[in-house]
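Undergrad: Build me a model from this:
(2 chains)
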Amino acid sequence: MTFGFILAQCLSALSQAAILFFIACGLTLIFGIMRIVNFAHGAIFMLGAYVGLTVLAVTGSFLLSLLLAPVAVGGIGMAFEWIFLRHLYGRREGGAYLLLTFGLAIVLSELIRVIWGPQPLASGIPDYLRGIVVILGQPFPLYRLFLIASGIAAAVAIWQFLERTRAGLLIRAVAQNAEMVHALGTDVALVRTGVFGLGCAMAALGGVLAAPLVTAFLGMGTNVVIDAFVIVIIGGMGSFAGSLIGSILVGFVQVLGAYYFQDLALAFMYFLMLIVLVIRPGGLLGKED
Amino acid sequence: MITRQTMTRRRVLKGTAGASALAAAPGFLRHAGAAAPIRIGIPTVVTGGYALLGSQVIRTCKLVKKLTDARGGLLGQPVEFFYQDTQGDPATCVRKCQELVERDNCRILTGVIVSSEAAAMLPKLEEWNAIFISHGNGDGRLTAELFVPRFFRANTSAPMGARALALYLKDAPEKKFIALASDAAWGRSSNTAFEAQIKKVGKEIVDMVYAPVANKDYSPYIIKILQSGAQGCYVALQGDEARAFYSQATQYGLAERVQFFTEIVAQADIKVLGKDAIGLMGSSRYPLTYDIPQNTAFREAFMREYKNEIPDWTDGEMYQALMILFAAIEKAGSTEPGKIAAAMEDLEVTSVKGPVLMRRCDHQGENQGFVVKVARNDKYAEPVGEIVKIYPREVNTPDCRSSSFSK
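TA: From the prediction side, this is the model:
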């Protein structure tokens, strides 16, 4: 076992973590601000992949698909929040949110089937991202390096947005005490709509980036969203940094588990979640209710 | 007043193809008349990860209904298909079958996608007074350890797919192989059969790898294949799993280092992979380019009905299963499940895959083995599997009630 081999495995894990981060980050942002467990997040990830492929087919530009698909899906998310979700904020029990977002997941899946059909869709990688980079004697796809770079860029951008901008300050304030922020004259409903849209846009971006790895197909979001929920639980519900750490941990557990302990690969991720819940019930960076 | 119908080129082609499909069809399909429909239950996957395969089952059933009814039906009765969504889940499948039997009075079941669903149905067939004809369930155990008298498998099983490839690889330059399969009943059955067969022809298996069902990231497995030193990689993945694996393997440049051999060459995967699929070798459960009248008629009718869509292996196997079922109904002269089951035993039908014998001892259909290589073909808009070798059905079918081959 060479250093190059270990490095290739680590890079694989990081590229997997990057995809997971895009989904988990959106999920945790929505939960942190709105206290909503968004069951439609997997379907939104899938919608992002399909919209991205359509943009790619029409414009021929992968970069444009990375830009337009999140904007379009984020807009759909904002519309959904504005039309449906905001009428439920007065309710104390969370069951209504679960049912509504679960319903959205079903509606989106069926819409995708009606619009794009049941056949899977191919997603090519642009020529400038094709090819292999040999790192210490180990071949590694250039596209996966692009995924890692995209994940890092997105994490830094969101972190800076939350920490350094007025909008980010408002989002953090709403997460801590929405009533107080409202009393100070801020339109909390608008913040919630924006955050829901941002979360959906992140998931859609993940979908566009994942399509060249797995192709776009009906049901592509089902398993990914389970991983995302595990990440959010490990990192702490509502914690942005927690979702980043959780994504990296799950990425490593999935890749290394599949290589060294293939029969237990799936169990390792849940085992990790159990350990974290036993030691820190609120997640690594989350708060205990 | 005389109305004159212009014979356009398209109309002539339509008529010719329709006539040839009719002429190629077995005689029982040409009966006329109409009465109460023959009810056939299709518990298949409409939603979920295997929905594509379910959609192929449904489109072929619709085509068969159209063709059959146009010829006057079967035993003078129209054919009616009743569809239910099993979601690829065994428990849901059993529940939906129960509905098909009790509510819709369907005593003939086919179109089941997942082997574990099929396995869950077998113990219930007697209670339901139903028969089940598999069109695509690959798990070798279904006609071996799990055998029940009311189950028939018209299709090529996983051990049969592995067998054809292993026979072909006997003379191939590759000496060392690694086998990658989906960690499901079909994948395990396929890998095990391939290991036994490839060892028998004097080649080496360096590792057997199983990826979780619906796995997304194949990088650990690709690294494993690269590290294994294998020259050939046997792949028993299908649908979303296969496409994800081949997409990622292409990105790693794996195909330049290792020759892939797949248990099922699927047109849906070729369509998505495009030129990246060229050169892929494997067993074919439905050899699209097989040049016999029965296949030509089916292929033309299918492509005409579905606007030049190329039939996939599920379409071909579904069509074959229905042709065998219809031949058994005709032979029995009845739609009573027990009589159809009796008629099915030792029934021989020449279908789209050539002659198939539904042998009495375990109800496995003896199918020829096809090895294909994906290549461009001017007749089709996308690459297709070109036949490189055909193995006789006697050689390609396992021992009775077994997944292994003593021949």
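
Undergrad: Could you measure from the residue lying closest to residue B:393 once chain neighbours are set aside over to chain A?
TA: Distances taken as Cβ to Cβ, 6 or more residues apart in numbering or on different chains put residue B:366 closest to residue B:393, at 4.1 Å, once the chain neighbours are dropped. The way it works is simple: take the backbone N, C-alpha and C, and place the C-beta from them, glycine included. Distance, residue B:366 to chain A, using Cβ to the nearest Cβ, to the nearest Å: 32 Å.

Undergrad: neighbours of residue B:366, just the number please.
TA: Around residue B:366 there are 19 other residues, counting by other Cβ atoms under 10 Å in any protein chain shown.

Undergrad: wait, what's in contact with it?
TA: With Cβ atoms under 8 Å, 6 or more residues apart in numbering or on different chains as the criterion, the residues that contact residue B:366 are B:356-359, B:393-394, B:396-397.

Undergrad: which among these end up buried?
TA: With burial judged by 16 or more other Cβ atoms under 10 Å in any protein chain shown, the buried subset of the contacts of residue B:366 is B:356-359, B:393, B:396-397.

Undergrad: Among these, which one sits closest to chain A?
TA: Compare each of the buried ones among the contacts of residue B:366 with chain A using Cβ to the nearest Cβ and the shortest gap goes to residue B:356, at 28.4 Å.

Undergrad: Remind me which helix or strand the closest one belongs to.
TA: Element membership of residue B:356 [criterion: DSSP states H and E] is strand B:354-358.

Undergrad: Strand partners (parallel or antiparallel) of that strand?
TA: For strand B:354-358, sheet partners with direction are given as strand B:347-351 (antiparallel), strand B:365-366 (antiparallel), following DSSP bridges.

Undergrad: so after the last one, what's the next helix or strand?
TA: The reference is to strand B:365-366. Beyond strand B:365-366 in the direction of the C-terminus, DSSP H and E gives the next helix or strand as strand B:369-375.

Undergrad: average model confidence for whichever helix or strand comes after that next one?
TA: Of the helices and strands lying after strand B:369-375 in sequence (DSSP H and E), the nearest is strand B:384-391. The average of the pLDDT scores along strand B:384-391 is 97.

Undergrad: Just after strand B:384-391, pick out the following helix or strand.
TA: Toward the C-terminus from strand B:384-391 - assigned by DSSP H and E - lies helix B:393-396.

Undergrad: mind listing the helices for the stretch 101-250 of chain B?
TA: B:115-121, B:125-128, B:158-169, B:185-200, B:219-228, B:240-251 (DSSP state H, counting those that start in this stretch).

Undergrad: what does the stretch 151-289 of chain A give?
TA: Listed from the start of the chain, the stretch 151-289 of chain A has helices (DSSP H, counting those that start in this stretch) covering A:166-183, A:188-214, A:220-235, A:240-260, A:265-279.

Undergrad: what angle do the first one and helix A:188-214 make?
TA: Taking axes from the mean of the first three to the mean of the last three Cα atoms, to 10 degrees, one finds that helix A:166-183 is oriented at 140 degrees with respect to helix A:188-214.

Undergrad: Just the buried residues of helix A:166-183, please?
TA: A:170-171, A:173-175, A:178, A:181.

Undergrad: Then the third one?
TA: Of the residues in helix A:220-235, those with enough neighbours to count as buried (16+ other Cβ under 10 Å) are A:220-225, A:227-235.

Undergrad: quick one: which of these is nearest chain B?
TA: Proximity of these to chain B was ranked by Cβ to the nearest Cβ; the top entry is residue A:223 with 5.1 Å.

Undergrad: my guess is the closest one contacts residue B:214, does it?
TA: Yes. In this structure, residue A:223 is within contact of residue B:214 by Cβ atoms under 8 Å, at 5.1 Å.

Undergrad: Please enumerate the strands of the stretch 51-200 of chain A.
TA: When assigned using DSSP state E, counting those that start in this stretch, the strands of the stretch 51-200 of chain A occupy the ranges A:132-135, A:138-141.

Undergrad: closest one to chain B among these?
TA: strand A:138-141 (3.9 Å).

Undergrad: Can you classify the nearest residue to residue B:196 once chain neighbours are set aside as helix, strand or coil?
TA: Of all residues beyond its chain neighbours, the one nearest residue B:196 is residue B:404 (6.1 Å), with distances taken as Cβ to Cβ, 6+ apart. When classified by DSSP: H, G, I helix; E, B strand; the rest coil, residue B:404 comes out as coil.

Undergrad: before we move on, the earlier item: contacts made by the strand holding residue B:356 with the rest, please.
TA: Outside strand B:354-358, the residues that touch it by Cβ under 8 Å, 6+ apart are B:152, B:154, B:290, B:292, B:320, B:324, B:328, B:344-350, B:364-368, B:393.

Undergrad: returning to that earlier point: bridge partners for the residue nearest to residue B:393, pull those for me.
TA: residue B:357.

Undergrad: Would you mind listing the buried residues in stretch B:399-407?
TA: By 16+ other Cβ under 10 Å, the buried positions in stretch B:399-407 come out as B:402-403, B:405.

Undergrad: okay, how far is it across that stretch, tip to tip?
TA: From the first residue to the last, stretch B:399-407 extends over 8 Å; the measure is Cα to Cα, to the nearest Å.

Undergrad: How about stretch B:397-407?
TA: Counting by Cα to Cα, the length from the leading to the trailing residue of stretch B:397-407 is 10 Å.

Undergrad: could the buried ones among the contacts of residue B:366 be laid out in TSV, adding distance to residue B:115?
TA: Shown next, in TSV, are those (distance: Cβ to Cβ, whole Å):
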residue	distance to residue B:115
B:356	20
B:357	22
B:358	19
B:359	20
B:393	21
B:396	19
B:397	18
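
Undergrad: and the residue lying closest to residue B:274 once chain neighbours are set aside, backbone torsions?
TA: For residue B:274, ignoring the flanking residues on the chain, the nearest one in space by Cβ to Cβ, 6+ apart is residue A:122 at 6.2 Å. Main-chain torsions, residue A:122, degrees, to the nearest 10: phi -80, psi 150.

Undergrad: just residue B:281 next, same as before
TA: When quoted as degrees, to the nearest 10, the phi and psi of residue B:281 stand at phi -120, psi 150.

Undergrad: Would you check how far apart residue B:101 and chain A are?
TA: Per Cβ to the nearest Cβ, residue B:101 is found 27 Å from chain A.

Undergrad: Quick check: closest non-adjacent residue to that residue.
TA: Excluding the flanking residues, the one nearest residue B:101 by Cβ to Cβ, 6+ apart is residue B:128, at 4.5 Å.
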